[in-house]
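Trainee: below are the sequence and a predicted model for it; my questions follow.
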Amino acid sequence: MIRFFILFTVLLIGLFTLEILQPAEKYVILPFTSFIADVSVWIIQLFDDNVMSISNVIRDKTTGFGVRIERGCNGVEAVIILFAAIFAFPAPIKHKLIGFLIGFFMIQGLNLVRIVSLFYMGQWNQVAFEWFHLYLWQALIILDALVVWLVWLRTLPQAKARRLERAQASGE
């Protein structure tokens, strides 16, 4: 358990440090954030084609209202936490890669729901927008990473074997 906490901490510090470096910002974070904005606009345009994205900004063409997807709003931090938790835990690399890939899409899927809902909420009620943006959605995205990790733990071969042993012992 100590090994997990040390490796988890080292991975977190290393990945968060890497994330704030200028080359990572320029070549990874900003393009990824722009991609998230483009996907969000694509989703919104399924219902409303008066929306556009420019870089990391989503704007309503009619009202002029817009939201900017900044650092902390692109889901990268939750993905880093998930990555550190999965890769610090002793498990076969195949299970780590599959768990991380599924978790990445789960976090980003929820983040897209977050961005689209905040875009509409900001046009409806600015106070509600601020509260949901700063408190509820931030917590839910991190909670999503935790839930994905906990579900991933239950899918590991040793976890399945323990559950099978318990079921057999209680059935005898």
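Mentor: It's in.

Trainee: C-alpha from now on. contacts and neighbour counts both.
Mentor: Will do.

Trainee: report the contact partners of the residue most central in space within the chain.
Mentor: The chain has I107 as the residue nearest its centroid, 3.2 Å off, counting by Cα atoms, centre = their mean. Applying Cα atoms under 8 Å, 6 or more residues apart in numbering, one finds that I107 lies in contact with 75, 78-79, 141, 144-145.

Trainee: now name the helix or strand holding it.
Mentor: I107 belongs to helix 93-124 when elements are defined using DSSP states H and E.

Trainee: what residues sit buried inside that helix?
Mentor: 95-96, 99-100, 103-104, 106-108, 111-112, 114-122 (16 or more other Cα atoms under 10 Å).

Trainee: that one: how far from the chain's middle?
Mentor: Relative to the mean C-alpha coordinate of its chain, helix 93-124 is positioned 5 Å out (Cα atoms, centre = their mean, to the nearest Å).

Trainee: I'd like the next helix or strand past that helix.
Mentor: helix 126-131.

Trainee: give the rounded mean pLDDT of the helix holding I107.
Mentor: Across helix 93-124, the average pLDDT comes to 94.

Trainee: got it, and stretch 66-81?
Mentor: pLDDT averaged over stretch 66-81 gives 91.

Trainee: got the contact list for the closest residue to W152 other than its chain neighbours?
Mentor: In space, W152 comes closest to G99 once its chain neighbours are excluded; the distance is 6.0 Å by Cα to Cα, 6 or more residues apart in numbering. For G99, the contact set (Cα under 8 Å, 6+ apart) comprises 86, 149, 152.

Trainee: of those, which belong to helices?
Mentor: Judged by DSSP state H, helices contain the following of the contacts of G99: 86, 149, 152.

Trainee: and the helices in the protein?
Mentor: 2-20, 22-24, 30-45, 76-88, 93-124, 126-131, 137-155, 157-171.

Trainee: dump the contacts of I107 to a markdown table, plus distance to S53 and neighbour count.
Mentor: Shown next, in a markdown table, are the contacts of I107 (distance: Cα to Cα, whole Å; neighbours: other Cα atoms under 10 Å):
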| residue | distance to S53 | neighbour count |
| --- | --- | --- |
| G75 | 18 | 24 |
| A78 | 23 | 24 |
| V79 | 23 | 23 |
| I141 | 23 | 22 |
| D144 | 26 | 20 |
| A145 | 27 | 24 |
